[in-house]
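J.: Task: produce atomic coordinates for the following.
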Amino acid sequence: MFYLLFFNTSVSGDIVKAQALMLANILVSILINTYLATYQAGSDQDKSVAAMVAGMVVADNTVEDLCDIIVECYNIT
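T.: Next up, the predicted model:
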């Protein structure tokens, strides 16, 4: 994640987390409104956003790791 623009290594972890939260909410909107995704059983907006944020604040995670989290939370058809 540290290669992505939102992950700024020169700011505090709280700021990175806040930026990840904003990005996760944007991703939810895109997934639901553009791709007509639905939530997996046991998942909802709060859980999916929390899972995405938790993945995005780990510097060594990759975009593929984020995609795995999204697949765990959403049915995308």
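J.: right, and V49 touches A24 too?
T.: Yes: using CB atoms under 8 Å, V49 is in contact with A24, at 4.7 Å. Heads up, the C-betas are built off the backbone N, CA and C, glycines and all.
J.: Looking only at neighbour counts, state which of those two leads.
T.: A count of neighbours by other CB atoms under 10 Å puts A24 above the other of V49 and A24, at 23 against 18.
J.: if you skip the residues just before and after it, what's nearest to that one?
T.: Of all residues not flanking A24 in the chain, M52 sits nearest, at 4.0 Å (CB to CB, 6 or more residues apart in numbering).
J.: Touching, that neighbour and N25? I think so.
T.: No: M52 is beyond contact range of N25, at 9.0 Å (criterion: CB under 8 Å).
J.: Tell me the pLDDT of S48.
T.: Here the pLDDT value assigned to S48 is 98.
J.: no, scratch that, I was asking about L5
T.: Listed pLDDT for L5 reads 89.
J.: for the protein, what spans make up the strands?
T.: Applying DSSP state E to the chain gives strands spanning 38-39, 74-75.
J.: Which stretch among those approaches E64 most closely?
T.: Proximity to E64, assessed across the strands of the chain by CB to CB, is greatest for strand 74-75 (15.8 Å).
J.: Would you list the strands that the closest one pairs with, along with their directions?
T.: Strand 74-75 has the following strand partners under DSSP bridges: strand 38-39 (antiparallel).
J.: partner residues bridging Y74?
T.: The partner residues for Y74, given DSSP bridges, come to Y39.
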